[in-house]
Structures are given as C-alpha cells and as structure tokens.
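Novice: sequence isn't available, so here's the structure alone:
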C-alpha cells in the first residue's frame, strides 16, 4: 500500500488482502466510517484495530497476524501492521473522510490497496500501485 498526501508519496507498507475464495473489492471509494476498536462479528470476534471501513464490512485495519503481511490471507479486508494502521487512521481522521480516497486495483487475483488524500492520482507499474501528480490510468 502506498499512501500519498496532496500528491506526494508519504508511506509504503506491506498489506494482506483477500485469500483464495474471497475478494477485496477493487474500485475507488471514500471511507464510510472509522472505528478505533472493532471486533468482527462475522469472524469469531477477530480484532480489527484502527478500522477504516470503505465498502460494507470491508475495512483497512491493523492485524496482530503480521507474519501474513505481504500475502493474500484475509477474508476481504486490507490488513496492516498495527503501528501503520494507527498512523493511517490518524491521517484519515485529520484529513477527513470526504478528503480521503481509497483506490484499489486487481493485481493477479488479489487487490493491492492504496490510499490517497485530496488530488492524488494512481498508476500501476509492474504490479505495484504508485501515485503520480499527473493524470494517469490504472
């Protein structure tokens, strides 16, 4: 995941996305709601710290199963290291839900998510998502 603020890349983090049989929704979204502490009712009360919900029950959130980062292991959410999730949560909280755009594209069979704020755009090269200041396409 690459995080850009006002078009300038700020962070690059390993994430986990949907494993075989599940999907992390591709597309462009604005966060719907934030939850500092959340527990999945669907998946055995699994902790989802610093959740940024963007599509129904799908969220970008911290995970304590950090050994799975960089591989598709989730039920559809985008998982981050808990420290990175806290940074991202704070950034979205400061920038505001309406000023935050979540962009995801299919990379093979799993989604690699990216978050941009304000006027950032997205392009894709060699399977990684990168932000550019000019107009680009997926």
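Specialist: Right, received. Where do you want to start? Note that the structure is a prediction, hence the values are computed from the model and not measured.
Novice: hey, where'd the helices end up in the protein?
Specialist: All helices of the chain, identified by DSSP state H, fall at 82-95.
Novice: where does it have low pLDDT?
Specialist: Residue ranges of the chain with pLDDT under 70: 45, 105-138.
Novice: okay, strands next: where are they in it?
Specialist: All strands of the chain, identified by DSSP state E, fall at 2-5, 8-12, 27-29, 33-35, 51-55, 58-62, 78-80, 100-107, 110-117, 121-125, 128-132.
Novice: what's the fourth one packed up against?
Specialist: In this case it means strand 33-35. Contact here means 3 or more CB pairs under 8 Å, 6 or more residues apart in numbering; DSSP states H and E; on that basis strand 33-35 packs against strand 51-55, helix 82-95. The C-beta positions use only the backbone N, C-alpha and C, and glycine is treated the same way.
Novice: relative to the shortest one, what are the paired strands and their orientations?
Specialist: Sheet partners assigned to strand 51-55 using DSSP bridges are listed as strand 33-35 (antiparallel), strand 58-62 (antiparallel).
Novice: need the winner for burial among the ones you listed.
Specialist: strand 58-62 (a mean of 24; mean count of other CB atoms under 10 Å).
Novice: that one to helix 82-95, inter-axis angle?
Specialist: Relative orientation of strand 58-62 and helix 82-95, computed by axes from the mean of the first three to the mean of the last three CA atoms, to 10 degrees: 120 degrees.
Novice: neighbouring contacts of strand 58-62?
Specialist: Identification of contacts with strand 58-62 by CB atoms under 8 Å, 6 or more residues apart in numbering yields 1, 15, 24-25, 35, 38, 47-54, 76-86, 88, 102, 113, 115.
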